[in-house]
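Enquirer: here is my input; please provide its structure:
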Amino acid sequence: MSGVGADFFNKDFNLFDAIRRADDGDTNAMYSVIAYIAMEDEGEQDLLEKKMEYVNRLIESGDKAALIMKGDCYRDGKGVAKDAEKAMALYNRAADAGILFGYECIGQMYFFGDGVDVDYEKAYEFLTKHADSLSPESTFLIGEMYRKGLFLPKDDKKAFDMYASIIKKNNTWMDDYYPLAAYMLAKYSAENTNMGYDLKWAYDAIEYVRKNVQKPHILSDGEYLTIDMIEELWQKILREKMRREHFISVRLKGVIIGVDGGTENRSP
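Expert: Below is the predicted model of the structure:
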């Protein structure tokens with residue numbers, strides 16, 4: 001992997017060395033330290049303060065994407081006091097500067113009620129301000145809105161298509177929303193066989209989820225995907241897969257017997 005913050009994904013990554021280089025002004029090291037703290041921190045205040053220091057330095061250097069990271073800090077209360085108003089202002093600044101993901105961040109705040117009242121109409125408005133390049137997170141949330149009829153008309157087919165687009169448009173499974181989308185694809189395929197969904201896709205999707213999800217993940221408004229839910233769905237899909245394979249096997253055996261019988265009947 002290459003690019004900004006790539007050091008963090010290197011198996012030889014050393015946090016203290018990265019901090020030393022970041023303190024010396026290495027932008028890539030700053031991103032790597034920020035990524036490490038975001039994904040690995042255990043609430044250590046000195047690390048959270050260090051993260052905010054680097055975020056501010058990146059913003060001062062003209063890095064527009066760092067506005068999103070600072071907004072995240074205020075949204076989550078990591079390294080600073082939680083402040084939804086400041087978070088939204090930073091997301092708007094980022095969007096105005098051309099980082100359109102800032103709009104999606106605001107939409108997600110309205111969807112989950114992060115420091116603001118839940119408002120699915122506003123969530124949809126901001127999530128779709130640049131619908132031609134939606135992130136996996138926003139795509140999934142719009143799928144949830146279709147699935148549950150949250151502001152949007154309830155529509156299982158459109159929900160399925162939103163989940164499927166997450167898998168089709170991307171070739172990496174690193175994002176948390178990939179296994180969530182895979183789970184929902186498997187669920188729809190198992191429960192809506194009359195809609196023509198591919199059971200093999202469902203089986204492959206749930207197999208991936210079983211191997212890669214080790215803790216509960218939030219689906220949407222207070223609903224969580226748990227390990228028990230994954231196992232229950234996997235068992236259901238496996239039983240259906242075996243039933244279909246048995247049915248095909250019996251039909252195929254019947255065809256073969258029928259062909260053999262016909263051959264014998266035509267013999268002189």
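
Enquirer: going forward, measure contacts between C-alpha atoms and count neighbours the same way
Expert: Noted.

Enquirer: how about low-confidence regions in the protein?
Expert: Scanning the chain with the threshold set as pLDDT under 70 gives 1-11, 41-43, 170-175, 193-198, 201, 220-222, 246-249, 251-268.

Enquirer: domains of it?
Expert: The chain is divided into the following domains under automatic domain parsing: 1-61, 64-131, 134-268.

Enquirer: tell me which of these is the most buried.
Expert: domain 64-131 (a mean of 20; mean count of other Cα atoms under 10 Å).

Enquirer: check the offset of it from the chain's centre.
Expert: Between the centre of domain 64-131 and the centre of its host chain there is 17 Å, according to Cα atoms, centre = their mean, to the nearest Å.

Enquirer: do stretch 224-235 as well
Expert: 17 Å.

Enquirer: what comes into contact with that stretch?
Expert: Here stretch 224-235 makes contact (Cα atoms under 8 Å, 6 or more residues apart in numbering) with 180, 183, 186-187, 203, 206-207, 209-210, 213-219.

Enquirer: go through those and flag which are in helices.
Expert: Taking DSSP state H as the definition of helices, the contacts of stretch 224-235 contribute L180, Y183, A186, K187, Y203, I206, E207, V209, R210.

Enquirer: what is the nearest of those to F126?
Expert: Proximity of those to F126 (Cα to Cα) peaks at L180, which lies at 21.6 Å.

Enquirer: mind checking how far the residue nearest to M184 when sequence neighbours are not counted is from M145?
Expert: Closest residue to M184 apart from its sequence neighbours, by Cα to Cα, 6 or more residues apart in numbering: Y163 at 7.0 Å. Separation of Y163 from M145 (Cα to Cα, to the nearest Å) stands at 12 Å.

Enquirer: do A18 as well
Expert: Distance from A18 to M145, by Cα to Cα: 41 Å.

Enquirer: list the contacts for the residue nearest the centre of the chain?
Expert: Centroid check for the chain by Cα atoms, centre = their mean gives Y177 as the closest residue, at 1.3 Å. Going by Cα under 8 Å, 6+ apart, Y177 touches P136, E137, F140.

Enquirer: at 6 Å instead, please
Expert: Contact partners of Y177, counting by Cα atoms under 6 Å, 6 or more residues apart in numbering, are E137.
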